[in-house]
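> I need the structure of the sequence given here:
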Amino acid sequence: MASSAIQRLLQPPSTAESQKRALQFLNSHFQSLAQLEDGEALQSVVDDTRRKTEELRAELQTSQAAVDKHIKDTLSATQGHLATAQELSITRHALTDELSALSSELDSSLSPDGRDDPTLLEELESLHHNLKELKSLRNYVLVIERALRLSEAAVAQAQGALSSPGARGFSPSSLTQYRLLHSFAASVSTHCSSVDNPSQAQSRASATHEETQPLKIVNFLSTIRDRTWSDIQGILTSNLLETAEKMGWPQPIEYSSALPDNRALFELEFRDLLRLQDSGDEIHGSDPRWKRDGVYPIQALISPIALRFKFHFESKRDTNRVDKPEWYFTHVLNVTHTHRPFMETTIQALLSTTRYKHINAFREFSLHLLPLLTRKLRHTLPRILHHPSLLAHTIYQSLAFDASLRDQGFSLEGTTAATGLAESSDVDGKGVTWEGISMQILGNKEWFEAWLEGERRFAEDQYNDIISSPNAWQVADDADDADTSGTDADFRPTNSARRVKALIEQITDRYQPLPRFTARTRFLITVQIPILESYHSRISSSLDAFETLSSSFVRAVPGALSGQVGHGSDTRTLTGGVEGMGRLVKAGVSAHYIAAEMDRWGEDLFFLELWSEINARAALRAKADAHPLLPDPSGDATSAWQDVEAASEGTIFQELVTQYRSLGERAEDMIVRHVCSEVNSASKAYFTSQWDESENPPPHEKGVSIPPTLVAPLSTLSSQLASLAHSLPGPFAAILYRRISSSLAAVILQQRVLQRGIGRLSLTEARQIAEECLLWVQACRMAMGRSVRRIEGPWAQLLDAMKLLTLEENQFRIAVDRIFDTDAGGLEKLNEELEVSESGLGDLVDVVRLREDCWR
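Residues are numbered from 1 along each chain as shown. Take a look at the predicted model:
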């Protein structure tokens with residue numbers, strides 16, 4: 001029922017409606033008044049109505065009670081539904097919150113706006129991954145446990161086999177458990193070879209070409225296997241050392257004097273170790289990671305020696321000193337020398353009966369001693385890197401050790417380092433070269449660079465001491481045979497040149513033993529050549545300073561070049577006279593002396609081999625090509641061998657020799673200019689006096705005499721030439737004399753003779769000038785002594801001219817006719833007739849026309 005209907009029914013009855021309905025009822029039942037006045041009919045209607053009213057009232061009450069009950073039930077049900085609805089609403093909100101929480105939990109912590117805590121799914125994945133790792137770890141532990149058990153069983157089996165009653169030496173059958181361990185490790189390695197190493201997954205992505213490393217468990221099993229083998233080897237080693245110590249090892253052993261039982265037991269245990277080594281090669285022959293580290297018995301005998309070495313040189317004893325590397329090098333050399341007879345007789349005889357008969361026992365024994373020095377050097381070198389003297393001393397001692405050990409006959413030929421334990425006896429390993437224990441230092445780039453820098457600084461300090469010495473530029477008075485080797489015996493160098501030469505040879509001696517040509521080349525380029533370059537620059541700068549101080553500008557304006565050596569003093573005393581020439585001679589002598597020594601060094605076998613290697617190796621050629629003071633090596637790859645042969649014809653110092661010789665020639669030119677300048681300056685009065693009539697009276701009054709103005713130039717020339725003859729060897733002095741005399745003769749001929757003019761020279765004056773010219777020659781003869789054979793040679797043109805000018809009148813007329821009547825074809829015959837040197841026809845004409853009696 002609709003609510004409007006219910007509302008309508010609940011409305012109270014309407015009086016008007018009731019009256020209206022009553023009226024309609026009366027009208028319908030009483031159509032007339034008579035009928036209405038009939039009491040019975042009306043009463044009957046009233047009674048029916050009352051009865052119906054009562055019935056309706058009863059129904060109303062029943063209905064009202066039912067309605068009230070229904071309303072009450074409805075209200076109760078409505079309240080129940082309302083409470084249920086509220087509860088459901090709360091439940092809906094709770095479900096919404098839970099749904100939101102679950103939705104947020106599904107957001108990954110790796111998302112940009114995700115939560116910090118992992119999601120439930122991620123937690124499940126993590127737990128699942130951890131579970132897998134735990135299972136893998138359990139498998140790892142089981143694998144390791146099995147390997148450890150097999151390891152213990154293998155060691156116990158070997159120990160039991162050797163200690164069991166009636167056991168006679170080692171048998172390969174006692175390695176059953178070890179073979180199981182090896183097979184187990186190999187099977188695990190094979191199984192894991194197809195499994196990626198997680199630690200290398202990232203590196204493999206960036207470097208796909210790198211070799212894949214095995215899993216850690218594979219390495220761990222290999223370590224267990226190697227340790228187990230070492231333990232088994234240690235058991236046999238202990239037995240051998242116990243027997244050897246009974247015979248006196250590690251002291252020298254007199255094997256023939258040992259007890260027979262000890263000798264038999266020693267030989268048995270020696271062979272046991274060899275059989276163990278054979279078994280190891282058989283078991284591990286296909287394993288590339290198996291370490292083959294020498295002959296087991298010889299390696300065992302090293303143990304007590306290594307213990308003593310460690311006691312003396314790796315402890316806090318006084319014998320362990322970083323400044324005494326020769327002590328532990330000498331100790332090892334003494335050990336090799338002491339035990340050499342035992343190794344070459346007893347041990348070699350034992351090896352000769354096995355497959356190791358190609359092994360040289362002494363060399364193998366020495367080879368096993370070298371790791372003691374290697375370990376010692378690796379611990380010592382980092383401590384002395386910043387002490388150049390100690391570092392250099394250690395390196396030189398290591399080089400001396402290498403040389404001494406080689407002198408004892410040591411090499412890698414006939415050792416396991418050359419042949420390999422798994423190879424047959426016909427492999428002798430002759431192609432393997434031992435570079436020496438020094439390569440443990442020189443092969444380390446940091447250590448080598450530190451040593452090279454220390455040597456460079458030491459050499460530079462020595463060079464600076466040489467140059468700054470007060471007597472650096474004095475000519476040595478006691479040049480020994482070593483200084484004059486390869487040069488003229490009379491060649492006396494300056495002290496600086498001799499000491500620089502000694503320094504260069506000292507440096508050569510220091511790096512000559514280096515085993516690698518690369519290191520030798522670095523030493524040459526870094527240490528030696530800079531010293532030669534600096535000395536060249538020092539001589540060149542001294543010549544530059546001499547030219548500057550001797551220039552006419554400086555002499556005319558003293559102090560014009562402030563800061564020069566001559567500023568504040570008379571530059572004439574520094575560059576003039578014999579003292580000035582002495583400075584030039586010292587510079588030239590120093591340059592020529594070093595050039596001659598470099599020529600000799602370049603022909604030395606050491607430098608010839610070094611230069612040959614530089615031309616043969618591309619890396620060394622590149623270094624030489626980049627250095628301006630080394631000759632250009634061959635670099636044409638199309639004909640490399642021919643280029644090497646062509647380049648090897650020169651020497652390694654060829655470029656420096658050229659520069660030093662150019663410097664010496666420059667000094668020679670300056671000497672010639674200096675002497676000529678000094679003589680010409682002293683001759684100014686002599687040349688001008690010929691025009692002064694007061695100093696030159698007529699010939700008939702004066703006769704032939706020596707002009708006073710000639711004394712100064714003759715004295716200057718004599719002193720200069722005497723100094724040259726005293727300071728330089730004969731050949732050098734002769735060359736300079738010829739150049740000086742030729743220049744002076746040309747000047748005298750021009751100034752004293754030719755400038756008089758045509759027809760202005762009388763016979764008496766010519767004779768006077770001829771006498772003066774002879775005085776020049778005589779002064780040269782007295783100054784040079786026996787240094788020059790033909791003193792007159794450079795003066796020939798001047799003397800020939802004076803010979804023509806001093807001819808008697810008749811002879812002069814004949815000579816004039818012959819000169820003017822001779823053509824170019826008869827010049828040679830003319831010179832022979834006139835007894836003059838080869839002079840040009842025009843020169844002869846110019847000379848004879850000077851005579852006043854020349855009519856042509």
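
> what's the least confident helix or strand in this protein, going by average pLDDT?
When the helices and strands of the chain are compared on mean pLDDT, DSSP states H and E, helix 640-647 comes out lowest with a mean of 42.

> next helix or strand past it?
Reading on from helix 640-647 to the C-terminus, the next helix or strand found by DSSP states H and E is helix 654-682.

> roughly how far out does that following helix sit from the chain middle?
Centroid separation for helix 654-682 versus its chain: 42 Å, with Cα atoms, centre = their mean, to the nearest Å.

> same deal with stretch 516-528?
11 Å.

> buried residues, it. List them.
Of all the residues in stretch 516-528, those buried under the rule 16 or more other Cβ atoms under 10 Å are 516-525, 527-528. Heads up, the C-betas are built off the backbone N, CA and C, glycines and all.

> how far does it stretch from one end to the other?
Start-to-end span of stretch 516-528 (Cα to Cα, to the nearest Å) is 17 Å.

> list of residues touching that stretch?
435, 439, 442, 448, 452, 455-456, 459, 504, 507-508, 510-512, 514, 610, 613-614, 617, 619-620, 623-624, 627, 630, 652 (Cβ atoms under 8 Å, 6 or more residues apart in numbering).

> quick one: residues contacting residue 246.
With the criterion set at Cβ under 8 Å, 6+ apart, residue 246 makes contact with 259, 262.

> cool, and the one 4 residues further on?
Neighbour list for residue 250: 301, 304-305, 308, 339 [criterion: Cβ under 8 Å, 6+ apart].

> out of these, the closest to residue 419 would be?
residue 301 (19.9 Å; Cβ to Cβ).

> neighbouring contacts of the one helix or strand that closest one maps to?
Element membership of residue 301, judged by DSSP H and E, is helix 296-313. Around helix 296-313, the neighbours that count as contacts under Cβ under 8 Å, 6+ apart are 233, 236-237, 240-241, 244-245, 249-250, 270, 273-274, 276-277, 293, 317, 319-320, 327-328, 331-332, 335, 343, 347, 350, 361, 364-365, 368-369, 372, 376.

> what of stretch 670-679?
Stretch 670-679 is contacted from outside by 543, 546-547, 550, 575-577, 580-581, 584-585, 588, 713, 716-717, 720-721, 724, 736, 739-740, 743-744, 747, using Cβ under 8 Å, 6+ apart.

> returning to that earlier point: just the ones of the contacts of stretch 516-528 in strands?
Assigned to strands by DSSP state E, none of the contacts of stretch 516-528 qualify.

> which PyMOL command selects the buried ones in these?
A single PyMOL command selects the buried members of the contacts of stretch 516-528 (16+ other Cβ under 10 Å):
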select buried, resi 439+442+448+452+455+456+459+504+507+508+510+511+514+610+613+614+617+620+623+624+630+652
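
> any of the contacts of helix 296-313 buried? List them.
For the contacts of helix 296-313, a burial check counting by 16+ other Cβ under 10 Å picks out 233, 236-237, 240-241, 244, 249-250, 270, 273-274, 276-277, 320, 328, 331-332, 335, 343, 347, 350, 361, 364-365, 368-369, 372, 376.

> SS state for residue 85?
Classification of residue 85 using DSSP: H, G, I helix; E, B strand; the rest coil returns helix.

> in the stretch 401-550 of the chain, which spans are helices?
Ranges of helices within the stretch 401-550 of the chain are 416-419, 439-442, 445-468, 481-484, 495-511, 517-523, 529-549, based on DSSP state H, counting those that start in this stretch.

> return the most buried member of these.
helix 416-419 (a mean of 22; mean count of other Cβ atoms under 10 Å).

> centre of the chain to that one, how far?
When distances are taken as Cα atoms, centre = their mean, helix 416-419 is centred 29 Å away from the chain's centroid.

> so which elements touch that helix?
Judged by 3 or more Cβ pairs under 8 Å, 6 or more residues apart in numbering; DSSP states H and E, helix 416-419 is in contact with helix 361-384.

> give me the buried stretch members for the helix it packs on, please.
For helix 361-384, by 16+ other Cβ under 10 Å, it's 361-370, 372-373, 375-377, 380-381, 384.

> cool, stretch 584-604 as well?
Within stretch 584-604, judged by 16+ other Cβ under 10 Å, the buried ones are 584-602.

> looking at those residues, which are in helices?
The members of those that map onto helices under DSSP state H are 584-602.

> show me the shaky parts of the stretch 201-350 of the chain.
For the stretch 201-350 of the chain, applying pLDDT under 70 flags the ranges 201-213, 288-292.
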